[in-house]
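Q: The amino acid sequence is not available; the structure is as follows:
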Ligand SMILES: [Zn+2]
């Protein structure tokens, strides 16, 4: 196996990601090494609306796509001949946003006669970690972002089994809503994390454990509890410290995420635990997971901040695995906003 | 010189290939089907049929709207990426201008339009002057009723061209009476060969800077600007 790998030609994958509010392109070597990684963020534009507006996101994507592709290719120092294939996020995400990446990828693949590989966005988030360290199986991945809260079991490369997911709001969504209640600017996640570090866990917010054996999540009850607490305090004329609200809210989210991830890692005999998605940047969550997994002696992989949020290197990395397994997409590839992870 | 023209800005999906000044192939459907799924296979099939490879293309022409926002972006993204990858010039042509080609021999004003819902239309006014198609009134997004009253005041014949003609036919005839000229079905659909022809003669655009011709701000942006003004 080792000798076979050594003799194999390097694979250079061009990745494209436009599922939400980042227009991104990247070149990745062998699924493990970033050659170039360009992200044009739209956060500044969406800030004034307090969240991502799909139509505005699509408009930015079409304006940025060739600019970002050009920069990614130039920075990689690759010629088209060096690129082996094109990987693109086909879903899930905002349909109008996904369409820009998908159609750009198809045009590239056609113009240059390159194979095309459609990639699941969450598979991308998981594989962001492989750009830092090689995977060891079986592994458990916790994906937490504005759109997702999922526990995924992987027994080998490219095979995903979703063992738990949110039944209502994603963790990142709850963060954004609570941030809005506290009148914090968008995006709210990092703001709450910052406040929480200064506050005390003085309010006992609920933890949604659901059924004993369930790995599913639920954050809408917690969100309502926070809203009610703020509301009641205001009616009684009591001033609650935003730092304490943030700390108490974050403690609830982090405890549930940590406990379920630890239980899954034990049950599935994980040799590695991976954290991915925008909320992986949360310092409270990082600390809690690091503490628990240090005790269990299970290696914990959390990508650096720049790879936690949406980027195309992660799509190229996940796409490389699919490509090696022989997956190919046709010229009829479509954006699939509700794509399942399998 | 081969030119590839792409139009997915409205319900018509059109692709054509122009060689020198001759159309050597054209693909066109008028179906409420997904442009994203069907565009590249249509391009691939047509190019194979006429035996042209991507490397032989020397220019990409795209209908840049107005029309369906998503449709416009599918065409533009595909066209921009093709042009950038192949390192060839790109031209964006107004979808209304392409439609006005269907009135090539009409001696007076031509009003191409697309329905924009809630009584609104995307429209403009064109006129043929010899072989040149001239823009007589700027393209805009406005209420059809107000636009028709404005046109009627000129007391001149106007040719109406639109895939959405049936939505507005009654109102056009009510306000314009005999001044309105409305042709048969097939004349109301943009033809990708006309797009290629128009684009073959126009100045090329910077590929990164070519943007859709939406003619309308995104709703969220319009509301935001309104709220900014009110709070001042
Ligand atoms: Zn993401």
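A: Received the coordinates, thanks. Quick caveat, the model's predicted, so the values are computed rather than measured.

Q: Leaving aside the residues adjacent along the chain, what's closest to whatever residue of chain B ends up closest to the ion?
A: Relative to the ion, the nearest point of chain B is residue B:77 (20.6 Å; C-beta to the ion). For glycine as for every other residue, the C-beta is placed from the backbone atoms N, C-alpha and C. When the adjacent residues along the chain are set aside, residue B:77 lies closest to residue A:103, with 4.4 Å between them (C-beta to C-beta, 6 or more residues apart in numbering or on different chains).

Q: Just give the number of residues close to the one you found.
A: 31 (other C-beta atoms under 10 Å in any protein chain shown).

Q: With residue A:176 instead?
A: For residue A:176, the neighbour count with other C-beta under 10 Å is 23.

Q: check contacts around it.
A: For residue A:176, the contacting residues are A:51, A:146, A:186, A:187, A:188, A:189, by C-beta atoms under 8 Å, 6 or more residues apart in numbering or on different chains.

Q: one step back: what distance do you get for the residue of chain B closest to the ion to residue B:7?
A: According to C-beta to C-beta, to the nearest Å, residue B:77 and residue B:7 sit 14 Å apart.

Q: And residue B:96, by the same measure?
A: If you measure residue B:96 against residue B:7 using C-beta to C-beta, the figure is 12 Å.

Q: re earlier: in contact with the residue of chain B closest to the ion: list those residues for me.
A: A:61, A:62, A:65, A:99, A:100, A:103, A:104, A:107 are the contacts of residue B:77 under C-beta under 8 Å, 6+ apart.

Q: Now for residue B:77 and residue B:7: what residues contact both?
A: The contact sets of residue B:77 and residue B:7 do not overlap (C-beta under 8 Å, 6+ apart).

Q: so where do the strands sit in the chain?
A: As the question left the chain open, I've gone with chain A. In chain A, the strands defined using DSSP state E lie at A:12-17, A:22-29, A:33-41, A:85-91, A:116-120, A:139-144, A:149-156, A:159-165, A:272-276, A:300-301.

Q: nope, chain B
A: B:2-7, B:12-19, B:22-30, B:57-63, B:90-93, B:109-115, B:120-129, B:132-143, B:158-161, B:180-181.

Q: most tightly surrounded among these?
A: Mean neighbour count (mean count of other C-beta atoms under 10 Å in any protein chain shown) peaks for strand B:2-7 among the strands of chain B, with a mean of 27.

Q: who's in contact with the residue of the stretch 151-300 of chain A found nearest the ion?
A: When scored by C-beta to the ion, the stretch 151-300 of chain A has residue A:277 as its residue closest to the ion, at 5.8 Å. For residue A:277, the contact set (C-beta under 8 Å, 6+ apart) comprises A:122, A:125, A:143, A:144, A:145, A:148, A:172, A:308.

Q: one more time with 7 Å
A: By C-beta atoms under 7 Å, 6 or more residues apart in numbering or on different chains, the residues touching residue A:277 are A:125, A:143, A:144, A:145, A:148, A:308.

Q: what's the answer for residue B:168, then?
A: Contact analysis of residue B:168 by C-beta under 7 Å, 6+ apart lists residue B:144.

Q: State the distance from it to residue B:215.
A: Counting by C-beta to C-beta - residue B:168 and residue B:215 are separated by 17 Å.

Q: what's the answer for residue B:167, then?
A: Distance from residue B:167 to residue B:215, by C-beta to C-beta: 18 Å.
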